[in-house]
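In: got a sequence here, can you model it:
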Amino acid sequence: MKIAFGNSWRALPVVFLLVVAPLATRAWSQDFDQRARKIVQQMTLDEKVEQLHGIRDEHHYRYVPGITRLGIPPFQITNGPAGAGPGGVTKTVPQAKATALSSPISLAATWDVKLAHEYGEIVGVESLDLGNALVEAPTINIVRVPQNGRTFEGYGEDPYLAGEISVANIEGIQSQGEIANVKHYVANNQETDRFVINEEIDERTLREIYLPGFEASVVKGHSASVMCAYPHINGIFSCENGLLMNDILKKEWGFSGFITSDFGAVHSTVPSALAGLDLEMPTGKYFGDDLKKAVETGQVAMSVIDDKLVRRFRTMMQFGIFDHPPAPKPIPGKEDGARSREIAAAGMVLLKNNGGILPLSASAIRTIALIGPMATHVVTGGGSSHVIPLYSVDPVVGLENIGANEVKVSFADGANIKEAVAQARAADVAIVMVGEVDTEGRDHPLELADTQDQLVEAVATANPKTIVVLKTGSAVFMPWLTKVQAVLEAWYPGEEDGNAVADVLFGRVNPSGKLPLTFPKRLEDLPANTPEQYPGDNGVAHYSEGVFVGYRHFDQAKIEPLFPFGFGLSYTTFSYSGLKIASDAHSPQRYTIEFDVANSGKVAGAEVAQLYLGLPSTDVPEPPLQLKGFSKVFLKPGGKATVRMSLDASSFSYWEVNHHGWRVLSGNCAVMIGASSRDIRLRGRIELPAEGASRSRH
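Out: Residues are numbered from 1 along each chain as shown. Below is the predicted model of the structure:
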């Protein structure tokens with residue numbers, strides 16, 4: 001049994017505005033701190049400035065040179081949300097190959113913190129093996145609009161789920177001696193106008209939706225670095241936003257690591273330096289000569305410069321990078337590939353399975369027509385997170401591998417619909433693989449491109465046993481949904497694409513993924529559905545939907561989604577029973593939630609039990625339900641497990657804007673246990689006391 005508990009990391013009572021810096025974030029040793037300060041004391045101003053930005057030339061990129069005389073090693077960075085990425089690619093340095101993992105949105109769909117840790121281990125150790133000290137991962141921006149081109153790089157629309165997956169991923173990365181870099185801080189929620197957009201976000205929404213994942217990553221996951229983002233937040237660029245970097249991140253959350261900039265996200269010298277930015281990337285446009293002049297003229301104190309250097313140096317020492325810089329070594333490709341296959345399959349979400357057409361049986365069918373543009377090759381995400389795989393398993397090969405030569409597979413890329421229809425009509429089963437390869441730098445429509453929708457409809461008309469495999473990075477519309485027998489959301493499966501998809505289609509893996517974002521029926525159903533909200537009006541995106549993001553909005557507005565948040569089918573069935581709610585006698589705002597989950601079907605499988613709360617709306621408007629816990633339970637047929645989750649004051653809190661702090665609600669609170677946000681199996685109540693005591697996040 002795997003259980004992810006509630007927000008226990010913000011349980012200590014405190015008066016409003018009192019900041020408690022958690023000891024857990026001060027993981028660096030005093031010895032490292034003192035050693036770093038001694039080195040900084042020996043540096044000239046020129047040397048200090050050289051260490052505060054990267055360089056880019058014919059041979060270096062994402063790179064800060066070392067200083068031999070002081071024993072400061074070079075600092076190489078790579079991208080990495082989906083595996084060790086571009087790194088130091090230049091005209092003379094090609095991108096190294098690594099394990100191309102399934103997309104991070106697929107990882108979120110596993111709802112499995114153990115697999116998130118394992119995913120992070122692979123990213124961390126391979127980044128280190130390629131000679132990198134820091135990997136720019138994870139990406140945890142909330143899916144405000146599913147059209148966002150980087151939705152596939154993140155962990156969905158819910159801050160609690162994103163935070164839990166991020167924490168485990170960071171712990172996995174850093175367990176290998178690699179520095180994690182949680183990004184993009186904060187609210188980097190669209191690619192349209194991303195360099196200039198000003199996001200107007202009210203204080204409560206920022207605190208309850210867009211900051212919690214980062215807070216968890218820093219306070220609970222101990223991320224050693226953070227990347228500031230491109231957009232303006234309420235009129236101030238993220239990388240010169242003192243409220244976000246100095247006040248909230250470094251002071252309130254006790255962050256002891258260092259802040260890097262997104263590439264080209266710095267727009268000033270003095271404001272950025274004073275606001276808390278520690279390292280400009282990829283070059284020193286603002287933290288080079290201009291920063292030196294700012295120090296010499298007294299605009300930036302030397303103590304500010306020294307703090308930036310100490311933060312990075314002591315972090316590098318803590319991770320062993322200072323004394324033992326990463327050196328390239330071979331990657332165990334087959335071993336890591338096998339692990340990536342498991343993770344990819346675990347993230348796939350079965351959306352429809354009429355008549356139990358899945359899983360397929362190699363002994364019951366003789367011919368498969370494999371059709372579609374996403375069936376031609378393995379699918380990974382684009383942009384800076386693109387990984388060049390060490391090897392790849394194409395979809396045709398995956399089906400042939402699992403069919404053991406007993407099943408004949410024909411193939412058509414779908415460009416000629418007439419040809420595809422002929423192949424589908426002649427086969428026992430038709431599998432249509434469609435989708436989109438999203439990338440940073442542009443947003444995308446929710447319709448499948450070109451003639452993919454027509455292709456699916458034509459194939460389904462020709463063969464009543466048509467299965468659609470979606471390879472997308474976000475939600476898509478499905479005008480053909482009623483005409484096909486089954487739909488499997490495979491996301492971007494990575495290098496083991498063919499094997500992982502075949503594993504699920506043929507039942508070697510029982511699908512257990514659940515949607516980490518809502519699939520809408522129409523654009524107008526989305527929370528940000530006006531031009532003023534998205535993509536923005538005169539350079540301003542108005543977050544007027546407030547906290548009603550994703551399923552919170554659909555539930556509040558009573559809109560029926562195409563598929564709800566948390567939804568996913570299985571080849572078996574699960575039953576829920578025996579809900580018990582117990583309060584802690586020593587802490588009246590702590591509760592234990594207990595219930596049983598049983599596998600009532602005929603095959604082994606995993607169920608993600610989800611805990612939602614319906615908070616009282618006595619003080620502020622609250623969504624009908626909010627995710628506050630989840631547990632992935634693995635059960636054999638007839639097996640039963642007791643699931644326990646904990647709630648504390650943070651679970652019942654909202655951000656009180658008048659006092660700028662967390663406040664616990666009072667009144668009648670609904671407790672809901674479900675298989676999705678729209679499939680509630682058990683219900684209970686908690687009567688919250690009327691004290692309204694304030695709480696910190698920690």
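
In: next, the most far-flung residue of the chain relative to its centre: phi, psi?
Out: In the chain, the residue that sits farthest from the middle, by Cα atoms, centre = their mean, is Thr297; the gap is 42.7 Å. Reported as degrees, to the nearest 10, the phi and psi values for Thr297 are phi -90, psi 0.

In: kindly report the same for the one 5 residues further on.
Out: Per-residue torsions, Met302: phi -60, psi -30 (degrees, to the nearest 10).

In: show me what contacts it?
Out: The neighbourhood of Met302, defined by Cβ atoms under 8 Å, 6 or more residues apart in numbering, consists of Leu45, Val295. Any C-beta I mention is one placed from the backbone N, CA and C, and that applies to glycine too.

In: ok, now how distant is it from Lys292?
Out: Here the criterion is Cβ to Cβ, to the nearest Å. By it, Met302 lies 11 Å from Lys292.

In: got it, and Pro332?
Out: With distances defined as Cβ to Cβ, the gap from Pro332 to Lys292 amounts to 45 Å.

In: and these two? Which one has more around it.
Out: Residue environment comparison for Pro332 versus Lys292 gives the larger neighbour count to Lys292, 20 against 16, counting by other Cβ atoms under 10 Å.

In: the more buried one - that's part of a helix, no?
Out: Yes: if the criterion is DSSP: H, G, I helix; E, B strand; the rest coil, then Lys292 is within a helix.

In: how near is the residue nearest to it when sequence neighbours are not counted to Gly536?
Out: Residue nearest to Lys292 in three dimensions, not counting chain neighbours: Val49, with 4.8 Å by Cβ to Cβ, 6 or more residues apart in numbering. Relative to Gly536, Val49 is positioned 36 Å away (criterion: Cβ to Cβ).

In: chain center to whichever strand or helix holds Ser217, what's the gap?
Out: Using DSSP states H and E, Ser217 maps to helix 212-219. Per Cα atoms, centre = their mean, to the nearest Å, the displacement of helix 212-219 from the mean C-alpha position of its chain is 12 Å.

In: what about it, average pLDDT?
Out: In this model, helix 212-219 has an average pLDDT of 98.

In: what is that helix packed up against?
Out: Contact analysis of helix 212-219 by 3 or more Cβ pairs under 8 Å, 6 or more residues apart in numbering; DSSP states H and E lists helix 159-174, strand 179-185, strand 225-228 as its packing neighbours.

In: my guess is Ala609 contacts Leu579. True?
Out: No: at 10.9 Å, Ala609 and Leu579 do not qualify as touching, with contact defined as Cβ atoms under 8 Å.

In: higher neighbour count, these two?
Out: Neighbours per residue, other Cβ under 10 Å: of Ala609 and Leu579, the larger number sits with Ala609, 24 against 16.

In: my reading is that that one lies in a strand. Confirm?
Out: Yes: per three-state DSSP, Ala609 lies within a strand segment.

In: so who does it touch?
Out: Taking Cβ under 8 Å, 6+ apart as the definition of contact, the neighbours of Ala609 are Tyr576, Phe595, Val597, Phe630, Ser631, Lys632, Val633, Val643, Ile673, Gly674, Ala675.

In: burial measure for the third one, as a count.
Out: A count of neighbours around Val597, defined by other Cβ under 10 Å, yields 25.

In: contacting residues for it?
Out: Contacts here follow Cβ under 8 Å, 6+ apart; on that basis Val597 touches Phe574, Ser575, Tyr576, Glu607, Ala609, Val633, Leu635, Lys640, Ala641, Val643.

In: surely the last one touches Leu635?
Out: When you say that, I think you mean Val643. No: in this structure Val643 lies outside contact range of Leu635 using Cβ under 8 Å: 10.9 Å.
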